[in-house]
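In: what would the 3D arrangement of this be:
(one chain, ligands or ions: 1)
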Amino acid sequence: MARDFIVTPWEVKGEVDYDKLVKQFGTSIISDSLFNKIKKHTGKLHYMLRRKIFFSHRDLDILLNEYEQGKKFALYTGRGPSGHTHMGHIIPWIFTKWLQDAFDAPLYFQITDDEKFLCKPKLTKEETKKFSYENALDLIALGFNPKKTFIIIDTEYSKTLYNIAIQVAKKVTASNAKSVFGFTNETNIGMYFWPAMQAAPCFLPSILSGEKIRTLIPAAIDQDPYWRIARDVAPKLGYLKTAAIHCTFLPALTGPKGKMSTSEGMQSTIFTTDDEKTVKNKIMKYAFSGGKDTLEEHRKHGGNPDIDISYQWLRFLEENDKKLKNIYNDYSSGKLLSGELKQILVNKLNNFLKKHREKKQKAKKQLDKFILKD
Ligand code: TRP
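Out: Model prediction:
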């Protein structure tokens with residue numbers, strides 16, 4: 001198969017064809033009947049479901065059938081603390097919060113300071129630890145329920161995690177890890193073990209409760225290779241296979257393709273720590289525009305929202321369908337100019353970030369309530 005794009009947990013390159021990716025990964029597109037099944041329980045579909053930002057899954061149908069029979073499930077997602085949190089991270093967390101509220105489910109959130117220490121040559125243990133705590137505040141700021149949200153910082157919960165991870169690791173060969181993750185002889189041996197650590201929280205709710213609890217993982221689709229391993233191993237260890245719901249990537253500011261990532265440069269991302277001026281500068285300067293070259297042409301032919309990054313970002317951020325549709329129509333018709341569209345995004349981001357900063361400040365006092373210790 002010709003591969004014009006690459007998606008691994010470490011790298012997303014090229015223009016991702018999500019239909020092809022679903023086939024490559026062996027996941028399933030969320031069908032209309034499955035959307036309706038979710039809706040039956042939640043009343044309304046979250047805008048990220050309505051817009052198919054969350055578009056693919058593994059065993060979500062099975063999980064919902066069990067839920068209908070009264071079985072509880074737990075949510076699991078996480079963050080690799082390699083730097084400040086950016087908007088690409090926040091998107092699936094916003095959706096996760098909705099899932100927690102809609103299904104009254106506990107959330108286990110893994111912060112992988114060990115992983116980022118192992119896979120980023122330049123990062124020290126002190127730095128990944130520092131970012132772990134800082135990133136945790138971004139999560140808490142989104143309003144997760146302290147009674148039902150358990151943050152795991154790997155190196156501080158290692159006793160429990162390690163004991164699960166060795167059981168997983170025993171069932172995964174190096175050749176399996178090489179084929180799933182592309183590890184080579186140059187990959188350090190810590191990384192060979194790492195997938196077992198990321199699989200461990202899939203089974204944690206069952207271990208802590210002593211009951212068989214299925215986990216549902218809301219995350220971007222690049223993390224799916226981990227769930228393949230975890231699902232293979234689950235029945236061998238006597239656990240239920242973890243279910244997953246996958247989202248597309250928030251695109252980089254600088255182009256209509258790929259995923260936003262810090263490694264591509266500070267200009268392709270908006271961090272939660274960016275102040276109002278920085279946000280405005282980045283959007284105005286770098287957000288790829290689907291507008292025409294001259295004002296005259298733009299007024300006459302209109303812009304292309306499908307490749308315009310400001311519009312694409314608003315799909316991820318503007319919850320009001322009607323507002324979004326008006327923006328789409330006005331931009332396509334040429335009524336709305338590129339600079340004006342960018343300003344709409346700047347306002348949306350700055351409104352969100354202003355409140356986020358305040359909530360993050362308050363989260364500092366709450367941190368202890370969230371962090372799981374062993
Ligand atoms: N490996 C992920 C990262 O680098 C972090 C992570 C751990 C994660 N567990 C997870 C992400 C579960 C999503 C779901 O960002």
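
In: ranges for the strands of this structure?
Out: Chain-ordered strands for the chain, with DSSP state E as the definition, fall at 6-8, 11-13, 28-29, 54-58, 73-79, 107-111, 149-153, 214-220, 243-247.

In: possible to save those strands as TSV with mean neighbour count, mean pLDDT and distance to I164?
Out: Heads up, the C-betas are built off the backbone N, CA and C, glycines and all. Formatted as TSV, the strands of the chain follow (neighbours: other C-beta atoms under 10 Å; pLDDT from 0 to 100; distance: least, C-beta to C-beta, whole Å):
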stretch	mean neighbour count	mean pLDDT	distance to I164
strand 6-8	18	90	24
strand 11-13	16	85	27
strand 28-29	15	98	27
strand 54-58	23	98	20
strand 73-79	24	98	12
strand 107-111	25	98	12
strand 149-153	24	98	11
strand 214-220	24	98	12
strand 243-247	26	98	18
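
In: could the ones you listed go into CSV alongside distance to P305?
Out: Shown next, in CSV, are the strands of the chain (distance: least, C-beta to C-beta, whole Å):
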stretch, distance to P305
strand 6-8, 24
strand 11-13, 22
strand 28-29, 23
strand 54-58, 19
strand 73-79, 30
strand 107-111, 34
strand 149-153, 36
strand 214-220, 22
strand 243-247, 20
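
In: to the ligand, which of those strands lies closest?
Out: strand 73-79 (2.8 Å; C-beta to the nearest ligand atom).

In: and H84, what is it in contact with?
Out: Applying C-beta atoms under 8 Å, 6 or more residues apart in numbering to H84 gives the contacts F131, E134, N135, F271, T272, T273.

In: quick check: the last one vs T149, distance?
Out: According to C-beta to C-beta, to the nearest Å, T273 stands 22 Å off from T149.

In: near the ligand, which residues of this protein? Just list them.
Out: P9, T77, G78, R79, G80, Q110, T112, E115, Q198, I217, A219, Q223 (C-beta under 6 Å from any ligand atom).

In: nearest to W313 among those residues?
Out: A219 (19.4 Å; C-beta to C-beta).

In: bridging residues for the closest one?
Out: Here A219 sits in beta bridges with H246, going by DSSP bridges.

In: partner strands of the lowest-mean-pLDDT helix or strand in the chain and their direction?
Out: None of the helices or strands of the chain scores lower by mean pLDDT, DSSP states H and E than strand 11-13, at a mean of 85. Strand 11-13 has the following strand partners under DSSP bridges: strand 6-8 (antiparallel).

In: and the contacts of the strand it pairs with?
Out: V12, K13, G14, V16, L21, F181, G182, I221, D222, P225.

In: repeat that for 10 Å
Out: 12-14, 16-18, 20-21, 24-25, 180-182, 220-225, 249, 258-259 (C-beta atoms under 10 Å, 6 or more residues apart in numbering).

In: residues near the nearest residue to L337 once chain neighbours are set aside, how many?
Out: Spatial nearest neighbour of L337, chain neighbours left out: H298 (6.2 Å); criterion: C-beta to C-beta, 6 or more residues apart in numbering. H298 has 19 neighbours, counted by other C-beta atoms under 10 Å.

In: was I right to think H298 contacts D330?
Out: No. With contact defined as C-beta atoms under 10 Å, H298 does not count as touching D330 (11.7 Å).

In: which residues in the stretch 1-150 of the chain form helices?
Out: 18-25, 32-42, 47-50, 60-68, 87-103, 113-119, 125-141 (DSSP state H, counting those that start in this stretch).

In: what lies in contact with the first one?
Out: Put plainly, it is helix 18-25. 1-5, 7, 17, 27-29, 52, 55-58, 221-222, 224-225, 227-228, 246, 248-249.

In: if we use 6 Å, what do you get?
Out: Contact with helix 18-25 is made by V7, I29, S56, D224, T248, as judged by C-beta atoms under 6 Å, 6 or more residues apart in numbering.

In: so for it, mean pLDDT?
Out: What helix 18-25 shows for mean pLDDT is 95.
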